[in-house]
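> model the structure of this input:
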Amino acid sequence: AATAALLPLLTRGFQLSPTSPLARATRSSASSQLSSSSLQLSVSDTANQPSVVSASTMIDKPYGEWESPITSKAITAGSVGLGGVHYCNGDVYWLEGRPQEAGRNVLCKYSPDSAEKSQRNGVDVSPKESNVRTRVHEYGGGAIVFGKNEDEIYYSEFATQRLCHLLKDGTSKPITEEGERYRFADGVVSEDGEVIYAVREDHTKPEPKNVVNEIVSINVKDGSIKVLAGGNDFYSNPRVNGNQLAYITWNHPNMPWDATELRVSTLDSASNKSSEHELIAGSDGDTSIIQPLFHPDTGDLLYISDESGYYNIYRRGSDESILPMEYDFGGAAPGWSLGQQGYTFLNDGRLAAQYSKDGKSVLLVANVSDSNNAASDIIEYGSDDGLPMMFGGVHPGEGDDIYFMGGSPSTASSIYKWNLQSKGEASILACSSELSFDEDLISVPKQIEFPTTLGTAFGYYYAPKNGKYTCTTDAAPPLLVKAHGGPTACTGTSFNAGIQYWTSRGFAILDVDYGGSTGYGRDYRRRLRKSWGIVDIDDVCAGAEYLVKEGLADGDRLCIDGGSAGGYTTLGALAFRDVFKAGTSLYGIGDLTALAGDTHKFESRYLDGLVGTYPEEEDVYKERSPIESVDTLSCPILLLQGVEDKVVPPNQAEMMYNALLKKGIPTCLKLYEGEQHGFRKAENIEDALDSELAFYGKVFGMDVPESVDLKVANI
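The predicted structure is shown next:
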């Protein structure tokens, strides 16, 4: 499953004899420089080559043993998670996830002139000690509800899951009843400011099969609640225009990227049953409809559908997309969290939407005010116009100003302001990281396409880079392959200090968008249907082997890591293939049968589409469960797990650990108290990163500078 943390986990994180770490003496003593022909194939520019430094001043050390100022402590001490950018009545707001405050989420406002401003030029708006986070679907999203002004800001309090009204004096007042049975998300405020329309998740009966999801209205004065849409398993994106209520709904076993419906009701409807509300799109039961939004001027209802093979934008009443393109709109991983909106309307009524092309974001602006015709006057903007390499979450400000989240391989995720008319370099209002490193430390990724069983797959290759070091003892560096979570998600190219942590120490990185990833169209996304544990494993292995063939990675030092679903791919690659020599699973899935019977409602039937129906196809589940194939494992595995994880319970890691112990395979299990699905606490993020490095140091016989003391059994 995709990580639930606002602060992304900084690591997404053997036919080697388990009793004898691979010694450096066995490595080739060829030149340290990757061959120029290989570089031309996969890294066509010189961005990843060390800056020009006299050979006499560079230190000659093996790959993996370089010292780096990009330490785990530096990463967490100077970093926060940023998200949820919103412009309201002249002010810019955002949400911060703070690892130094046990992962607390804080609503902030841009106030560069305030004496109390942070290093990000913001001041806290939500109450001290409050944690702005909802647990709807466990992954949350849409925890803040904005009205027209600062008097109409509401948020979900994590500890109680109550919806609270943010007051001007910095305090808050709960507007929903006491108790933790209700959770709220993805809300919008009525035109008169008296009602919130939101998703409600009812945990009165907490067993996943008994949890109830609905669209409700909440009176902000007395907290009274009315159910507006119910009867289906899931709901999202309630959007209101006058008396019309539009929303997305779907049922098990579908996930929102599989098949959903867009329905419309009236706020005074006599029925709250979704089956009696008008069906706008999704009637075929095999189309994903997401992110509806009413046009503020025409009242037209727009939405995103993948019926063409790509997530394109449609208008109610039209069978054809108003912006037909062979690219996906909707954001990087639509459906995983609530409150997502991959397009918006500017102040003049034009549509503004973002999509990715060749690893870069493109802003598309178009006139969609003609209700009878496709979009017109289409203009596209990109990095040549001053926008960052990657961006999303666009929100209009005053006039032609827009605000959004963005970043690049050398710039951490930041909140930007940019003007559609004057253009120029987008200005950073707040940056998620205080880290600043010389360019000769930063490895810039290159998108690669490599052959695999179903054609080709994609990934981003980061070469080792540290201008202080050279290596004349190794033909190629160790490679860490990263398998993203989801699995229906994708990776990105914005600055990731957790990746630079590795490359600045002499590791190469391959961040893989295996078959099933988003952003490459519906057919690519659907490669995992009934094939999870096959296609994804084929692709991560094919990517590693491709880089070895090109001379960009050492075939004897291939390792892999991943979190959650990426952890499953990691364990599967180690159990069912003989490509990798070590791996790290972060809250990964070892037993598919256990997951099928012990996870939260949102994903409780996810495996039906990825693997097969359970228990009818239990044999397939066991066949693809790494825990059932311990006999084929012969390489070291590090297991990192949160104790309070409800998505992938800790018993998964514990079962895998005990099985590895019995077989005598080098292994280590670290359980983190107070952590759920995705690590939020600074000390745990640091320990997870440093432990993984120490683990590979032991496995590969590398002399890792200032390595943490890690106890590995059976080594």
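
> what are the buried residues along the helix or strand containing Gly543?
Element membership of Gly543, judged by DSSP states H and E, is helix 535-549. Across helix 535-549, burial judged by 16 or more other CB atoms under 10 Å covers 535-548. For glycine as for every other residue, the C-beta is placed from the backbone atoms N, C-alpha and C.

> helices of this protein, start to end?
Assigned by DSSP state H, the helices in the chain fall at 36-42, 72-77, 497-503, 522-525, 535-549, 565-576, 592-597, 606-610, 618-623, 651-663, 682-700.

> and of those, who's closest to Pro174?
helix 682-700 (29.4 Å; CB to CB).

> what's that closest one packed up against?
Packed against helix 682-700, as judged by 3 or more CB pairs under 8 Å, 6 or more residues apart in numbering; DSSP states H and E, are the following elements: helix 72-77, helix 497-503, strand 558-563, strand 582-586, strand 637-642, strand 667-672.

> turn those into TSV, including distance to Arg522 and mean pLDDT.
Conversion of the helices and strands packed on helix 682-700 to TSV gives the following (distance: least, CB to CB, whole Å; pLDDT from 0 to 100):
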stretch	distance to Arg522	mean pLDDT
helix 72-77	36	89
helix 497-503	29	95
strand 558-563	24	97
strand 582-586	29	98
strand 637-642	33	97
strand 667-672	37	98
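
> next, format the ones you listed as TSV and append distance to Ser271 and mean neighbour count.
TSV is the format used below for the helices and strands packed on helix 682-700 (distance: least, CB to CB, whole Å; neighbours: other CB atoms under 10 Å):
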stretch	distance to Ser271	mean neighbour count
helix 72-77	51	19
helix 497-503	50	25
strand 558-563	43	30
strand 582-586	46	30
strand 637-642	42	27
strand 667-672	47	20
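
> save those as TSV, and put in distance to Asn149 too.
Output for the helices and strands packed on helix 682-700, formatted as TSV (distance: least, CB to CB, whole Å):
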stretch	distance to Asn149
helix 72-77	35
helix 497-503	37
strand 558-563	39
strand 582-586	42
strand 637-642	39
strand 667-672	41
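
> the ones you listed: which one's closest to Gly317?
Here strand 558-563 is closest among these (CB to CB), at 42.3 Å.

> what sits against the residue nearest to Met655 when sequence neighbours are not counted?
Once flanking residues are discounted, Met655 sits nearest to Ile627: 5.6 Å by CB to CB, 6 or more residues apart in numbering. Applying CB atoms under 8 Å, 6 or more residues apart in numbering, we find Ile627 in contact with 590-591, 652, 655-656, 659.

> any chance of JSON lines for those, columns pLDDT, neighbour count and distance to Thr266?
As requested, these are exported to JSON lines (pLDDT from 0 to 100; neighbours: other CB atoms under 10 Å; distance: CB to CB, whole Å):
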{"residue": "Gly590", "pLDDT": "89", "neighbour count": "30", "distance to Thr266": "49"}
{"residue": "Asp591", "pLDDT": "90", "neighbour count": "23", "distance to Thr266": "47"}
{"residue": "Gln652", "pLDDT": "87", "neighbour count": "28", "distance to Thr266": "46"}
{"residue": "Met655", "pLDDT": "88", "neighbour count": "16", "distance to Thr266": "51"}
{"residue": "Met656", "pLDDT": "89", "neighbour count": "28", "distance to Thr266": "52"}
{"residue": "Ala659", "pLDDT": "89", "neighbour count": "20", "distance to Thr266": "57"}
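
> now for Gly392: which residues touch it?
Residues in contact with Gly392 (CB under 8 Å, 6+ apart) are 331-332, 342, 354, 361, 404-406.

> what pLDDT does it get?
Confidence at Gly392, expressed as pLDDT, is 95.

> leaving out sequence neighbours, find the closest residue to it.
Excluding its sequence neighbours, the residue lying closest to Gly392 (CB to CB, 6+ apart) is Gln354, at 5.2 Å.

> I'd say the one you found and Gly342 touch.
Yes. If you go by CB atoms under 8 Å, Gln354 and Gly342 touch, sitting 6.5 Å apart.

> mutual contacts of the two, please.
Contacts common to Gln354 and Gly342, judged by CB under 8 Å, 6+ apart, are 329, 331, 392.

> of the residues you listed, closest to His252?
Gly331 (23.8 Å).

> if I look at the closest one, how far off is Met390?
For Gly331, the distance to Met390 (CB to CB, to the nearest Å) stands at 12 Å.

> which strand residues bridge Ser427?
Counting by DSSP bridges, Ser427 is bridged to Lys417.

> just give me the neighbour total for it.
Neighbour count of Ser427, defined by other CB atoms under 10 Å: 12.

> give the contact list for it.
Taking CB under 8 Å, 6+ apart as the test, what Ser427 contacts is 416-418.

> thank you kindly, that will do.
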